[in-house]
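1. I'll drop the sequence and a predicted model, then ask my questions.
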Amino acid sequence: MTNRAYVIAGSEATGGAGIQADLKAFQELGVYGMGTITCIVSFDPKNDWGHRFVPIAPDVIADQIEAATSCHDLDVVKLGMLGTPDTIDVVAEGLRRQPWRHVVLDPVLICKGQEPGAALDTDKALTAQILPLATVITPNHFEARTLAGMESIETVDDLVEAARRIHALGPRHVVVKGGVELPGPDAVDVYFDGEEATVLSAPKIGDARVSGAGCTFAAAITAELAKGGDVGRAVDVAKAMVREGIDQRVTTHAPFASVTTATPGS
Ligand code: PXL
């Protein structure tokens, strides 16, 4: 049987993040992938690598969802960057048309270089429409602060508190990623399943953010769930894969490196 996983996300033209990273992670983990593009992000080398962002028309997103879900029996989907309230409407409507065993939400409220203010409307629409559909959510430090309504996240206890608050918003499984923003020598994530909080910790590799790490993390969880694994095991595989991918990162002409999609030991 071929395991299939679906991703609805933005295109990031350099190949580091977005749907390009997602499909590479699916492939690396042995899952047949298909994708629906919500927006196109092209970094601008003439403007400090800021983000040029073009949303895809809602009817075109609906067509893509129809094509993918009609062609394949799908029960696991990852949601990456959605970008606008209109996109969120059409994706939520598309998802509600069938049952899903898992909806893995990487709540991309902002991507590197965007103004925080630009994310506010999207943030509200995401919370209202997508959060109730998500079974797994993987916020980073900034997204966790925003979703949990916390002014700061400085400690592992803060990460646990954020995970508990976000769990109360709907998703059964919450993985809050401390990343380089959490002070200290270790990259710490907290997985909360509604009962138990598990702290996943590994020494940080450098102190700079690596593009595509978050996308790859959620995509790897999705691929493992498509293969029938449970969420705890999927999170372990994803963390190991991203760690390896950060270790093997690709330097670029932009001021940030991009994660690779290496499987540990490959
Ligand atoms: O890393 C978050 C992200 C997700 N999706 C797309 C992006 C980015 C960041 O650049 O461009 C399409």
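-> That came in fine, so what should we check first? Numbering: from 1, shown residues only.
2. and the chain, which of its residues are near the ligand?
-> Residues of the chain found near the ligand (Cβ under 6 Å from any ligand atom) are 9-12, 17-18, 41, 80-81, 108, 111-112, 214-215. The way it works is simple: take the backbone N, C-alpha and C, and place the C-beta from them, glycine included.
3. restricted to helices, list these.
-> 18, 214-215 (DSSP state H).
4. neighbour-wise, which one of those leads?
-> residue 215 (32 neighbours; other Cβ atoms under 10 Å).
5. least confident secondary structure element in this structure?
-> helix 120-125 (a mean of 84; mean pLDDT, DSSP states H and E).
6. what's in contact with whichever helix or strand comes after that helix?
-> Per DSSP states H and E, the first helix or strand lying C-terminal to helix 120-125 is strand 136-137. Applying Cβ atoms under 8 Å, 6 or more residues apart in numbering, the external contacts of strand 136-137 come out as 102-107, 131, 166, 171-175, 218, 221, 225, 231.
7. make it 7 Å
-> 102, 104-105, 107, 166, 171, 173-174, 221, 231 (Cβ atoms under 7 Å, 6 or more residues apart in numbering).
8. now swap in stretch 15-29 and tell me
-> 5, 7, 9-12, 33, 35, 37, 41, 78, 80-81, 211-212, 215-216, 219-220, 223-224, 258-259, 261, 263.
9. cool, and stretch 74-86?
-> Under Cβ under 7 Å, 6+ apart, the answer for stretch 74-86 is 4-10, 18-19, 22, 38-39, 53, 55, 58, 88, 91, 100-106, 108, 111, 121-122, 125-126, 130, 215, 218-219, 222, 225-226.
10. kindly report the same for stretch 157-172.
-> 105, 127, 131-132, 134-137, 139, 144, 147-150, 153, 174, 176, 178, 182, 188, 190, 192, 194, 197.
11. which of the residues you listed fall within strands?
-> 105, 136-137, 174, 176, 188, 190, 192, 197 (DSSP state E).
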